[in-house]
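Colleague: Sequence unavailable; structure follows:
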C-alpha cells in the first residue's frame, strides 16, 4: 500500500508547475517517434505470425465435418481483436518501451540530471514523464490497430497459401456475426494498458537509487510490474465491459 500511495502521489505531481504548451508539444512529438514509429516494425512482424499460427492451429483442431470452414476466420478475428492484438502486444510494449523508459529515467537519476532540473526550478516529474505517458496513450492504440490488421493479413495469407481455408471462406468468416463493440473494447484496453505501462515504468525509473546495477533492477521491476498490471486490468475490463 505504501508503494501504491507513492505511485498515486507521483501521478499527482505530473500536473503541478507545468511547462509551456510548446515545450510539451515538442517533447511529445519526439516521444511519439521513439515509442510508436520505431516499434511499428516489431509489432507488425509479431502480429503477422500470431495471425498465421492462430489460423493453422484453429484449422488443425476443427476436425468435425459439421463445422463450416469459415468459422476458422471468425475464431482468428475474435482472438486477434479481442486478446492477442491488445494484450500480447502490451507485453511486448512493456518489454521494449517500458524498460527503455525505466532505464532512461533511472540513468538520469543516478547521474544527478534530475536533481539539476529541480535546482533550476523545473518540475522534473512533469517535464520528463508527462510527454512519455501522453505519447504512449496516443501511439499504442494505433499500434494495436496495426497489429490487428497485420494479424488478419497473416492469417489470410498463410491460410489460403497452405490450403486450410479458401479466400472466400476467410472473408466470409471475417464478416460473419461481426460485433463492432469488439473494436471499442480493444481500443479501451489499449488506452488503459498504455497508461499503466508508461506510468509504472517511469515511476520505477524515477525512484532508482544507487548505481548502474540498480538501473537494471529498476528496468526489470518496471517490466514485471507493468505486465502484472496489464493482466489484472485485462481481467477487470473483461468483467466490466463484456
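Modeller: In hand now; what should we look at? In this text, all values refer to a predicted model and were calculated from it rather than measured experimentally. Residues are numbered from 1 along each chain as shown.
Colleague: how about the helices in this structure?
Modeller: Along the chain, counting by DSSP state H, helices occupy 2-12, 21-35, 40-61, 70-79, 89-93, 99-110, 113-119, 124-162, 167-175, 181-206, 212-241.
Colleague: Mean neighbour count for these - can I get that in TSV?
Modeller: Glycine gets a C-beta too; all of them are placed from N, C-alpha and C. Output for the helices of the chain, formatted as TSV (neighbours: other C-beta atoms under 10 Å):
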stretch	mean neighbour count
helix 2-12	11
helix 21-35	15
helix 40-61	18
helix 70-79	21
helix 89-93	23
helix 99-110	23
helix 113-119	14
helix 124-162	22
helix 167-175	16
helix 181-206	22
helix 212-241	17
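Colleague: Mean pLDDT added to the ones you listed, as TSV?
Modeller: Listed next are the helices of the chain as TSV, based on pLDDT from 0 to 100:
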stretch	mean pLDDT
helix 2-12	87
helix 21-35	89
helix 40-61	92
helix 70-79	92
helix 89-93	93
helix 99-110	92
helix 113-119	88
helix 124-162	93
helix 167-175	92
helix 181-206	94
helix 212-241	92
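Colleague: Need the residue closest to the centroid of this structure.
Modeller: residue 90 (3.2 Å; C-alpha atoms, centre = their mean).
Colleague: Just to check, residue 73 is in contact with residue 160?
Modeller: No: using C-beta atoms under 8 Å, residue 73 is not in contact with residue 160; the gap is 10.4 Å.
Colleague: who's in contact with residue 69?
Modeller: 62, 165-166, 169, 173 (C-beta atoms under 8 Å, 6 or more residues apart in numbering).
Colleague: before we move on, the earlier item: just to check, the residue nearest to the centre of the chain is in contact with residue 230?
Modeller: Yes: taking contacts as C-beta under 8 Å, residue 90 lies within contact range of residue 230: 4.7 Å.
Colleague: What is the neighbour count of residue 1?
Modeller: 5 (other C-beta atoms under 10 Å).
Colleague: Can you check what pLDDT the model gives it?
Modeller: Reported pLDDT at residue 1 in the predicted model: 76.
Colleague: re earlier: show me what contacts the residue nearest to the centre of the chain?
Modeller: Residue 90 sits in contact with 140, 190, 193, 197, 227, 230, where contact means C-beta under 8 Å, 6+ apart.
Colleague: Tell me who's in contact with the second one.
Modeller: It stands for residue 190. With C-beta under 8 Å, 6+ apart, residue 190 has these contacts: 86, 90, 140-141, 143-144.
Colleague: Most widely separated two among those?
Modeller: Across these, the longest distance by C-beta to C-beta is 11.2 Å; it joins 90 and 141.
Colleague: Mind putting the contacts of residue 69 into JSON lines with distance to residue 156?
Modeller: Putting the contacts of residue 69 into JSON lines (distance: C-beta to C-beta, whole Å) gives the following:
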{"residue": "62", "distance to residue 156": "17"}
{"residue": "165", "distance to residue 156": "9"}
{"residue": "166", "distance to residue 156": "11"}
{"residue": "169", "distance to residue 156": "11"}
{"residue": "173", "distance to residue 156": "10"}
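Colleague: Can you name the two of the residues you listed that sit furthest apart?
Modeller: Checking the contacts of residue 69 with C-beta to C-beta, the most distant pair is 62 and 166, at 14.2 Å.
Colleague: right, and residue 176 touches residue 70 too?
Modeller: Yes: in this structure, residue 176 is within contact of residue 70 by C-beta under 8 Å, at 6.1 Å.
Colleague: any chance of the contacts of residue 190 in CSV, with distance to residue 23 too?
Modeller: Shown next, in CSV, are the contacts of residue 190 (distance: C-beta to C-beta, whole Å):
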residue, distance to residue 23
86, 31
90, 29
140, 23
141, 25
143, 26
144, 29
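Colleague: Alright, that wraps it up for me.
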